[in-house]
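> Sequence and predicted structure are below.
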Amino acid sequence: MRVESKDLAEGTLRRRAILRRKTRETEIILDLDLDGGAVGGVGGRVAVSTGIGFLDHLLGSLARHAGFSLSLRCVGDLEIDDHHSTEDCAIILGEALALALSRSGVPVRFGHAYAPLDEALARAVVDFSGRPYATVELGLGDGRIGELASENVGHFLESLAMAARMTLHVDVLRHKNAHHAAEAAFKALALALRAACAEREVPVSGASSDGPASTKGAVLLEELDPLRFASEDMRLAAAGAGASAAAAAAAAAAAATAAAAAAAAAGAAGAASPLGPQRTAL
Ligand SMILES: [Mn+2]
């Protein structure tokens, strides 16, 4: 499936998320548009104010090089330190990324990039797998870069990966200057996100716009009542017993009949599951 630019222009598939997140530690508003920079070249409208100068610098760089439009304002408890504000900006940005990506219905998966900044060289690899995981090796030590603790640069990337439900690997391969290293890491991530988000076609044969680009297909998760559990248990036991395909099919048919009867019984008893089947991207 190919998404035409006119569809994006009409806004029906615009990958945009506008969020507000508030806790006792921070309050943040964010407007993220993944296609914000697509028309005007590199970077759309970018305005970031977190109260932490170097974090503004990193987030601005991230948005511009990813080709996103990003407005973010954070008011946090900087009188304590920079931890909560940094972490919560990562969380809301990750949530927005996941939400915006879900808007078009076109699955996005992989992206990778290298970015140099003078003597520093960074590599970022992303997979919007739905399985949050982060490996971040920046080698920044425990000093500070401006008002931002070095350890919070890595913590931001880890928190972003968790919130966006993506697999993320970021490595600074070499550097001498910590400012350069952190900025190269964010630029590599930006370019990796740009590559992943630019994927407007389904890359895996057999996948369709109905499901994610994965050999697994969609993940089905549903709540079962005890009767339904028993029938599904029979079906899986038969399928896993090394029975012939025909026997397995017959068992499946019998189990389906049992399941239908169980469902009817549950329905008659008014005991239908409150949680309907949910299909989610893996
Ligand atoms: Mn810089």
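Alright, I've got the coordinates.

> mind checking how far residue 236 is from residue 230?
11 Å (C-beta to C-beta, to the nearest Å). Any C-beta I mention is one placed from the backbone N, CA and C, and that applies to glycine too.

> likewise residue 123?
Distance from residue 123 to residue 230, by C-beta to C-beta: 51 Å.

> the more surrounded of these two?
Shown here are residue 123 and residue 230; by other C-beta atoms under 10 Å, residue 123 has more neighbours (19 against 15).

> For the one helix or strand the more buried one maps to, which helices and strands make contact with it?
Element membership for residue 123, per DSSP states H and E: strand 120-127. Counting by 3 or more C-beta pairs under 8 Å, 6 or more residues apart in numbering; DSSP states H and E, the packing neighbours recorded for strand 120-127 are strand 110-117, strand 167-174, helix 178-197.

> Pull out the buried residues from the second one.
Spelled out, that is strand 167-174. The neighbour-count check on strand 167-174 (16 or more other C-beta atoms under 10 Å) flags 167, 168, 169, 170, 171, 172 as buried.

> can you tell me the average pLDDT over stretch 139-156?
The average pLDDT for stretch 139-156 rounds to 96.

> Specify the beta-bridge partners of residue 148.
Note on residue 148: beta-bridge partners by DSSP bridges are residue 145.

> What number of residues are in the vicinity of it?
23.

> next one: residue 233
Residues within reach of residue 233, counting by other C-beta under 10 Å, total 12.

> how close does the residue nearest the centre of the chain sit to residue 138?
Most central in the chain under C-alpha atoms, centre = their mean is residue 164, positioned 2.9 Å from the mean C-alpha point. Between residue 164 and residue 138 the distance, using C-beta to C-beta, works out to 19 Å.

> Can you name the next helix or strand after whichever helix or strand residue 220 is part of?
If you go by DSSP H and E, residue 220 is part of strand 219-221. Of the helices and strands lying after strand 219-221 in sequence (DSSP H and E), the nearest is helix 226-240.
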